[in-house]
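# What shape does this take:
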Amino acid sequence: MKLFQRIFATFCAVIICAIFVASFSFWLVQQSQAENHFNQQRAIDEILLANAVSAFRVRGEAGAREMLQGWHEGQGPEKILIITGDEQSDLLGRKVDAKRIEKAREYALENPDSKSVHLEYGRWGEEYLFFIRNWDSTEIQRRPSPLYIPGLPLEQTWHEIIILGFIFLVGLALAYILANNITRPIRILGQGMKRLAAGELETRITQLMDNRDDELSQLAIQFDKMAQQLQQLVAKERHLLHHVSHEMRSPLARMQAIVGLIQAQPQKQEQYLKRLEGELTRMDTLVGELLTLSRLETSNVPLEKESLKLVPFLKNIVEDNQSIAQQNKQTVTLSVEPRISENATVCANEGYLYRAFDNVIRNAINYSPEGSTIRVNIGQDSKHWIVDVTDNGPGVDEMQLPHIFTAFYRADSSASKPGTGLGLALTQHIMEQHNGKIMAENIKPNGLKMHFILPKKKVNGKTEKPHPKNT
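Now for the predicted structure:
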């Protein structure tokens, strides 16, 4: 059974039970009221009958007739009957069935203490039968029901059935509306999932929820966020595949050309083999960076980290890059703020963090002119270590600056430089794995500054605080 059918059936069952309980309760109340009314009326009739008997005893037949006549003229009760024994007729001449008179007389003889039927005798022995009309009736008459349709010539029961039937139909309509209101967002969500599974990644369903503000609308919002993230992820994968194929095509074409040259000019084989080796090295670097980038982007397992002394670590990187800088007649310097200790530590994966800083310093060397200085500065605030790498290169256009950390993106200033366009993307992912950040900023008159921000290692649950440098 579908969810709509279940909800609709549940609402219908609740409505039917509610109508049944309400009807039964109403019947019980009416029955109790009718019974009370019957008992009260019978008590009044018995009192009137007793008054008529008392009047007869005091004043005789004339007194009883006078009392009945007074009740009749005042449109009072017509239920008290007095039958004379000889004539077997009512004192006021009202028609009474002879069988009922005989039955009442027999009952009065058998029950002389009855309050509903009583026999009296006149001065000359005449028999007078006093009784309440319908004295033997035990059927309780229902009082008029408020469930009444004016102008409809039917019995009261049919009025009640029609009104309850109308209430039932209205309840079914409300049950249908409520069930549809609950299941419609679920159907929309199911259709959205079906379209998403079919590859329609632009599917969004929030606008179809008619401005609802409940848990189902929140589910639709989460679905749209999921669809958006999937769309971005697929677009990113397609972008990566496009660039990988483009980057692979160029070295493969060059290697194919080199092989052709080796076959055509075997005497230059050694020269061409060196070129072929260079292309293979470039391809190996590209594949390695792609694998590293993919591992960082898709792996759910955090990097293995350990306590790392930041100052000696950066000194080692600077020394490793010093020889490359000297080939371009450049210098790489390291400066440390006075309050930073040699034992300043960070929780990091040394291999990956080395690669992040090395990528940025090598870029600074490649884009800086001869004779320039690449400056590495270590600073801090209350919660972070801040490492700035500043070069003297041409910088990056302000419009392109936010995109330089995108895989395969190469700014105009780097168009003539060798590279894969993956270094800064790798660096950003490595910093994110270390709960840090990397930002780029142009400086005047020329140059680019890269900001590395790393959280300080917590010692006994507290962040390492600045302290004077050891001397």
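
# quick one: secondary structure of E200?
Under DSSP: H, G, I helix; E, B strand; the rest coil, the three-state class of E200 is coil.

# In contact with it, which residues?
Residues in contact with E200 (C-beta atoms under 8 Å, 6 or more residues apart in numbering): none are found. For every residue, glycine as well, the C-beta is placed using N, CA and C.

# That one and I374: what is the separation?
The spacing between E200 and I374, counted by C-beta to C-beta, to the nearest Å, is 49 Å.

# For stretch 304-321, which outside residues touch it?
Under the contact criterion C-beta under 8 Å, 6+ apart, stretch 304-321 has outside partners 332-334, 336, 340-350, 353-354, 357-358, 361-362, 365, 376, 378, 385, 387, 434, 454, 457.

# And for stretch 258-274?
With contact meaning C-beta under 8 Å, 6+ apart, stretch 258-274 is reached by 275-276, 279.

# all helices of the stretch 151-300 of the chain, in order?
156-197, 215-264, 269-298 (DSSP state H, counting those that start in this stretch).

# Report the mean confidence score over the second one.
Per-residue pLDDT values across helix 215-264 average out to 80.

# That one vs helix 156-197, what angle?
20 degrees (axes from the mean of the first three to the mean of the last three C-alpha atoms, to 10 degrees).

# relative orientation of helix 215-264 and helix 269-298 in degrees?
Orientation check (the same axes, to 10 degrees): helix 215-264 against helix 269-298 gives 170 degrees.

# what separates helix 215-264 from the chain centre, distance-wise?
34 Å (C-alpha atoms, centre = their mean, to the nearest Å).

# just to revisit the earlier point, just the contacts of stretch 304-321: which are in helices?
Cross-referencing these against helices under DSSP state H gives 350, 353-354, 357-358, 361-362, 365.

# What about the closest residue to D388 other than its chain neighbours, how many residues nearby?
Nearest residue to D388 in three dimensions, chain neighbours excluded: N377, at 4.7 Å (C-beta to C-beta, 6 or more residues apart in numbering). Look at N377: counted by other C-beta atoms under 10 Å, it has 16 neighbours.

# Help me confirm that N377 comes into contact with W385.
No: contact criterion C-beta atoms under 8 Å: N377 and W385 do not qualify, at 11.2 Å.

# Can you name the next helix or strand after the strand or helix carrying A55?
In the assignment (DSSP states H and E), A55 maps to helix 3-73. Using DSSP H and E, the helix or strand that follows helix 3-73 in sequence is strand 80-84.

# what is the mean pLDDT for that next one?
For strand 80-84, mean pLDDT rounds to 84.

# Which other helices and strands does whichever helix or strand comes after it contact?
With elements assigned by DSSP H and E, the helix or strand that comes after strand 80-84 is helix 98-110. Packing partners of helix 98-110 (3 or more C-beta pairs under 8 Å, 6 or more residues apart in numbering; DSSP states H and E): strand 117-121, strand 127-132.

# how about helix 98-110 as PDB, C-alpha atoms only?
Output of helix 98-110 as PDB, limited to C-alpha atoms (Å, rounded to 0.1, in the frame of the first residue of the first chain):
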ATOM      1  CA  ALA A  98     -62.800   0.300  27.600                       C
ATOM      2  CA  LYS A  99     -60.100  -2.300  27.500                       C
ATOM      3  CA  ARG A 100     -57.600   0.200  29.100                       C
ATOM      4  CA  ILE A 101     -60.200   1.000  31.700                       C
ATOM      5  CA  GLU A 102     -60.700  -2.600  32.600                       C
ATOM      6  CA  LYS A 103     -56.900  -3.200  32.600                       C
ATOM      7  CA  ALA A 104     -56.400  -0.300  34.900                       C
ATOM      8  CA  ARG A 105     -59.200  -1.500  37.300                       C
ATOM      9  CA  GLU A 106     -57.600  -4.900  37.500                       C
ATOM     10  CA  TYR A 107     -54.200  -3.400  38.300                       C
ATOM     11  CA  ALA A 108     -55.700  -1.100  40.900                       C
ATOM     12  CA  LEU A 109     -57.300  -4.100  42.700                       C
ATOM     13  CA  GLU A 110     -54.000  -6.000  42.600                       C
END
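
# List the buried residues of that helix.
Residues of helix 98-110 classed as buried by neighbour count (16 or more other C-beta atoms under 10 Å): 100-101, 104-105, 107-108.

# by how many degrees do that helix and strand 117-121 diverge?
80 degrees.

# hang on, isn't W71 packed against I80?
Yes: judged on C-beta under 8 Å, W71 makes contact with I80 at a distance of 7.1 Å.

# before we move on, what SS does the residue sitting furthest away from the middle of the chain have?
Residue farthest from the centre of the chain, counting by C-alpha atoms, centre = their mean, is W124 at 96.2 Å. Judged by three-state DSSP, the three-state class of W124 is coil.

# what separates it from A64, distance-wise?
Distance from W124 to A64, counting by C-beta to C-beta: 15 Å.

# swap in H451?
Counting by C-beta to C-beta - H451 and A64 are separated by 120 Å.

# Name the residues contacting each of W71 and I80.
Jointly contacting W71 and I80 under the rule C-beta under 8 Å, 6+ apart are L48.

# To which secondary structure element is E432 assigned?
Element membership for E432, per DSSP H and E: helix 423-433.

# Parallel or antiparallel, which strands does the helix or strand just after that helix pair with?
Where DSSP H and E defines the elements, the next helix or strand beyond helix 423-433 is strand 437-442. Note on strand 437-442: by DSSP bridges, its sheet partners are strand 448-455 (antiparallel).

# Report the mean per-residue pLDDT for the partner strand.
Across strand 448-455, the average pLDDT comes to 93.

# Quick check: buried residues in that strand?
448-450, 452-455.

# For S137, state which of the residues you listed is nearest.
Of all the buried residues of strand 448-455, S137 sits closest to P455, with 95.8 Å by C-beta to C-beta.

# show me what contacts the closest one?
Counted by C-beta under 8 Å, 6+ apart, P455 has contacts 346-347, 383-385, 434-436, 463.

# likewise L216?
Contacts for L216 were tallied using C-beta under 8 Å, 6+ apart; they are 182, 185-186, 189, 209.
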